[in-house]
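**Student:** please work out how this folds:
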Amino acid sequence: YDGKCVFCRIARREEPGTALLPCEYEDLVCFRDRKPGAPHHYLVVPVEHMGSCKTLKTEHIPLVKRMMEVGKAVLQKNNFSDLNDVRMGFHWPPFCSIAHLHLHVLAPASQLGFLSRLYYRINSYWFIT
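**Tutor:** Numbers count the residues shown, from 1 in each chain. Sure thing, here's the model as predicted:
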């Protein structure tokens, strides 16, 4: 736990302004992005403080799969069912605003605005899917 990390504080329910969405895993939390890039924009975050996606190793594959599973589930709970029109990914350092692993879940990807299409561009130097 890093008390200076806003995502650590959100995960521990210490940020009253951020509502957590239902999540089936105790080691993950999900909430709406404060600056949404799409009509549905959620962040899936491990409760345990982890660095950026650059720190991921082979043993983290199940964690990332569960993060994606949570992202799909929250979209479906919010009446978004076209899972072919979803963009999920991580910002690559130094393009992360917060140094705590977080998966962006954006939908519909077809409705991303001009800047969001750049910011969340598939497999760019700054955003990996």
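**Student:** what's the next secondary structure element after the longest helix seen in the chain?
**Tutor:** If you go by DSSP state H, the chain has its longest helix at helix 61-77. Under the assignment DSSP states H and E, the closest C-terminal helix or strand after helix 61-77 is strand 87-91.
**Student:** residues in contact with that next one: which ones?
**Tutor:** With contacts defined as C-beta atoms under 8 Å, 6 or more residues apart in numbering, strand 87-91 is touched by 38, 52-53, 68, 71, 96-97, 101-107, 109, 112, 120, 122, 126-129. For the C-beta atoms, the positions are set from N, CA and C on the backbone; glycine is no exception.
**Student:** check stretch 114-129 too.
**Tutor:** Contacts for stretch 114-129 (C-beta under 8 Å, 6+ apart): 37-38, 53, 87-92, 95, 104, 106, 112.
**Student:** just the buried ones from those?
**Tutor:** Burial by neighbour count, 16 or more other C-beta atoms under 10 Å: within the contacts of stretch 114-129 this picks out 37, 38, 53, 87, 88, 89, 90, 91, 92, 104, 106, 112.
**Student:** tell me which other helices or strands the strand ranked longest in the chain touches.
**Tutor:** When the chain is parsed with DSSP state E, its longest strand is strand 40-46. Secondary-structure packing of strand 40-46 (3 or more C-beta pairs under 8 Å, 6 or more residues apart in numbering; DSSP states H and E): helix 6-11, strand 28-32, helix 61-77, strand 103-107.
**Student:** to residue 48, which of the ones you listed lies closest?
**Tutor:** Nearest to residue 48, of all the helices and strands packed on strand 40-46, is helix 6-11, at 8.3 Å by C-beta to C-beta.
**Student:** many thanks, have a good one.
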